[in-house]
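Asks: build the 3D model from these lines:
(2 chains)
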Amino acid sequence: MLIVLYSIVFLICVYMIRHYWFTLNRLFGEQRHPYLDVDEGDWPTVTVLVPAHNEEAVIAHNLEALLDTNYPHDKLVIVPVNDRSTDRTKEIIDDFARRYPDNIKPFHRTEGQPGKSAALRDVTETVDSDVLLVFDADYIPGRGLIKQLTSPFFDPEVGAVMGRVVPMNCGKNLLTRLLDLERAGGYQVDQQARMNLRLVPQYGGTVGGVRMAALESVGGWREDALAEDTEITYRLLLAGWKTVYQNRSECYEEVPEVWPVRIRQIKRWAKGHNQVAFRYGFSLLGNRRSSFFEKLDGILLLGVYLMAPILMLGWILALSLFFLGENPFHSIIAILSVVAYGALGNFAAFFEIAAATRLDGATRRLRLLPLNILGFIVSVVSITGATLSQALPHNLFSKKLVWHKTERYRKPVHKPT
Amino acid sequence: MNELAGIIVAPLALVAATIGWWLLAFVPALRELYQRSDVEPLRVVRGHDNDVHYFARRFRARVDSYLETTPASRKKPGKSPAKAAQNSIHYLLTRDDGSVSMPAFVNPKGSGVNIVLAPSSVTLPREAALLIELFAANSLHSGEANIFRAILADEDISLGKDSYVLRWLHAGGAIRADANCTLYGRASSDQLIALENGCSFEHLHAPRIEFGASGKHEQASQADLKTTPIGPKALSKAVEVTGRRWLINQDVDIPAGRHIDADIVVTGRLRVGAGCHIAGSIKGHEDIQIDHGTRIDGSVVGVGNIYLVHDCQVRGPVLSERDIYLGPGCRIGTHQHRTTMNADHLYIAPGTVAFGTVRARVMGTVRTGRAV
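Replies: Take a look at the predicted model:
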């Protein structure tokens, strides 16, 4: 038992070092933004996909913002993907399509497998542009965002790009404020450090995009993917394509305002991530197109959600050994290690969050940091539950997928003309 | 009794103190939670679109708002005494003896002047310094060794040698900078920017940018480039072909006079021989050298330095995470296809022309000499 515990502590320490490495790099290292200044070029044709399932509250804002971008409109097509909405989403989309027939070409799904991956797969077959960008329906892109996200594709090695999402409803309650801190850590430090260190920035499925040629070369979207974003990041990596992160390509999003929605969201992410780990972990280790550090980071990234049940096991083992009186001195060290990890290590990544908040120049919200222990505990428990349920044979091999839609909080405002 | 109290109270006090000590860390958090002093979303500027004319546009709006309040004041040199708003403008006018009504100050702080305005074409004296935004309604000709904070001109701007612009400049006409000028910040023109040898810059934007204005800029047509095709396997045994992309995991030397219709990604050093035609883009993880007379239809992206020897032509963006060295006679972009070139340092030989944006993250320099 002690050996298992020390193995867990070792893993935890690896993740802790990783967090410190990223954070210190972000604070003191050389920052890479190689494509940010590209403002002129022979821009590729772009299709922007907006998956929408019952999005009447937000879809109009999104389409208006996309139409207002400074990307050459003769090279831009916006495709709202309405997947069996039962509210006014279809009506709103059709109204926009009628007013902007050259730029808005809706795709209404009424059959086939539900889920974002399946929807993306269906609509991608109809796309003939060079670059495919994806925005969730609740996102509000800025004027220059399409150009910023497309500029990395001038690099023939880039297969996917990811921008930064910024919570817009962060002041709502404790949960949204904690998620705001967590997002800051994840993007401002984690993703940008990966970009700086030439590791594996992650395509996040929205405020980002893929090169169509790269997507086709890896066989397109898998419709049975639980997390099509992580899935495509790894498939591109295995095929020698790079994913790049653009920290200054920012876009507002809504974050969950109630805990049950947040728990569902993180469970979905955990299952999707674990599925990718299960499918591609070993392939990545043997991949000759990736550098040693890309492999290391890729594996650690795949293991992030698996660490939750491992951490829980570590706590149980440490406490059990302590109360059983077995080698108490070492057990105390083990407990301390685990607790230290809880304070400094994975998930909460407090140091990362603190650094990110400072980099963002929003210092007073940093005082909330100790309360992040609450989000951390909820995450660990939720992810552990999701991972264990996923390990059940029935779930491991089930291909039944549904739209796990995150609830929206804005009020619908669009009145069709 | 005392003993019992000690047994009960002491542990309770310890527990209470421990909990209190632990909760102390939460005091600032709980205070912020209830005071809500920092609850606004991080500022994402929706209007931010990398517009190079941003400062010029804002300044123009400011100038217009001032001019609306001072319609008649353009005629008199120096400050117009009529209104407070007029007092905030200093007019640069040419006197009968040919001298210019320069302001008495160098640093505008405390002078009450917000804008310096040249209502007609003006030629400034040697070593003039204006550390305040200057608007020229026509053309502006600076003397030698002038220093400006920022300039907006509706027509041409010509800077005398050894002059400095500290923030930005924009011209509706051409910008011409004589030898050894330094342009910090943004320099943009709606027509042409021409920089003489020895000039330094950060960010240039114009339909046409000439380096070494007195050098030769018209290059022989490369439409009749004589090339022979080369396949991926002939180029390297370590090549993987995925659609249009050739991924090569080693150093690569493309022989002179070859034609490749693909995108090439090289994980080592890349050299493209003289007179080649790449009908795609190239990317190198180390240095890239492109020999003379080569044409690339797509982009050139380098993790290391990029060297364009001379008379090369690249239609797409040229992006380096380090430095770019351009020999004479190179052309980046075309009239029809404006593009972007950026790097930490840019060393550009006279005779090179770019179309669109040239940006140095640290500094760019026009200097005589070959790229390699």
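
Asks: in the stretch 201-350 of chain B, what residue lies closest to chain A?
Replies: The minimum distance from the stretch 201-350 of chain B to chain A, using Cβ to the nearest Cβ, falls at B:Asp263 (3.7 Å). C-beta here means a position set from N, CA and C on the backbone, and glycine is covered the same way.

Asks: that residue against B:Asp297, yeah?
Replies: No - using Cβ atoms under 8 Å, B:Asp263 makes no contact with B:Asp297, being 10.4 Å away.

Asks: where along the stretch 251-400 of chain A do the helices fall?
Replies: A:259-285, A:292-302, A:307-323, A:328-344, A:350-360, A:372-391, A:393-397 (DSSP state H, counting those that start in this stretch).

Asks: between those, which gets nearest to B:Gly112?
Replies: Among those, the nearest to B:Gly112 by Cβ to Cβ is helix A:350-360 (38.2 Å).

Asks: how many neighbours does residue 255 have?
Replies: You didn't pick a chain, so chain A it is. 25 (other Cβ atoms under 10 Å in any protein chain shown).

Asks: you looked at the wrong chain, it should be chain B
Replies: 14.

Asks: for B:Ile8, see how far away it is.
Replies: Look at B:Pro255 and B:Ile8: by Cβ to Cβ, to the nearest Å, they are 91 Å apart.

Asks: quick revisit: and B:Asp263 and B:Asp297? which has more neighbours close in?
Replies: A count of neighbours by other Cβ under 10 Å puts B:Asp263 above the other of B:Asp263 and B:Asp297, at 23 against 16.

Asks: ok, and the closest non-adjacent residue to that one?
Replies: A:Pro156 (3.7 Å; Cβ to Cβ, 6 or more residues apart in numbering or on different chains).

Asks: isn't that neighbour up against B:Gly298?
Replies: Yes - here A:Pro156 reaches B:Gly298: they are 7.3 Å apart, a contact under Cβ under 8 Å.

Asks: quick check: neighbours shared by the two?
Replies: Common neighbours of A:Pro156 and B:Gly298 (criterion: Cβ atoms under 8 Å, 6 or more residues apart in numbering or on different chains): B:Asp263, B:Gly280, B:Ser281, B:Ile282.

Asks: run through who's touching the host helix or strand of A:Glu64.
Replies: For A:Glu64, the element it lies in under DSSP states H and E is helix A:59-67. Under the criterion Cβ under 8 Å, 6+ apart, residues A:48, A:50, A:52, A:78, A:80, A:89, A:92-93, A:96, A:100, A:103-104, A:135, A:137-142, A:146, A:410, A:412-414, B:46 lie in contact with helix A:59-67.

Asks: in PyMOL, select just the buried ones from those residues.
Replies: Buried residues within the contacts of helix A:59-67, by 16 or more other Cβ atoms under 10 Å in any protein chain shown, are selected in PyMOL with:
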select buried, (chain A and resi 48+50+52+78+80+89+92+93+96+103+104+135+137+138+139+140+141+142+146+412+414) or (chain B and resi 46)
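
Asks: count of residues packed around the residue nearest to B:Asp263?
Replies: Using other Cβ under 10 Å, A:Pro156 is surrounded by 26 other residues.

Asks: need the contact list for it.
Replies: B:Arg245, B:Asp263, B:Ile264, B:Val265, B:Gly280, B:Ser281, B:Ile282, B:Lys283, B:Gly298, B:Ser299, B:Val301.

Asks: one more time with 6 Å, if that's ok
Replies: By Cβ atoms under 6 Å, 6 or more residues apart in numbering or on different chains, A:Pro156 lies in contact with B:Arg245, B:Asp263, B:Val265, B:Ser281, B:Lys283.

Asks: so which of those are in strands?
Replies: Per DSSP state E, strands hold the following members of the contacts of A:Pro156: B:Arg245, B:Asp263, B:Val265, B:Lys283.

Asks: now for the third one, how many residues are close by?
Replies: As a burial measure, the neighbour count of B:Val265 was computed by other Cβ under 10 Å and equals 28.

Asks: bridging residues for it?
Replies: Under DSSP bridges, the beta-bridge partners of B:Val265 are B:Leu247, B:Lys283.

Asks: pretty sure it contacts B:Asn249?
Replies: No - judged on Cβ atoms under 6 Å, B:Val265 makes no contact with B:Asn249 at a distance of 9.5 Å.

Asks: circling back: would you mind putting the helices of the stretch 251-400 of chain A into CSV with mean pLDDT and mean neighbour count alongside?
Replies: Formatted as CSV, those follow (pLDDT from 0 to 100; neighbours: other Cβ atoms under 10 Å in any protein chain shown):
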stretch, mean pLDDT, mean neighbour count
helix A:259-285, 92, 18
helix A:292-302, 95, 18
helix A:307-323, 83, 18
helix A:328-344, 59, 16
helix A:350-360, 89, 21
helix A:372-391, 87, 19
helix A:393-397, 57, 9
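
Asks: reformat those into CSV and put distance to chain B next to each item.
Replies: Shown next, in CSV, are the helices of the stretch 251-400 of chain A (distance: least, Cβ to the nearest Cβ, whole Å):
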stretch, distance to chain B
helix A:259-285, 16
helix A:292-302, 12
helix A:307-323, 18
helix A:328-344, 10
helix A:350-360, 6
helix A:372-391, 9
helix A:393-397, 31
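
Asks: could those be laid out in CSV, adding distance to A:Arg109?
Replies: CSV is the format used below for these (distance: least, Cβ to Cβ, whole Å):
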stretch, distance to A:Arg109
helix A:259-285, 20
helix A:292-302, 30
helix A:307-323, 34
helix A:328-344, 44
helix A:350-360, 37
helix A:372-391, 27
helix A:393-397, 25
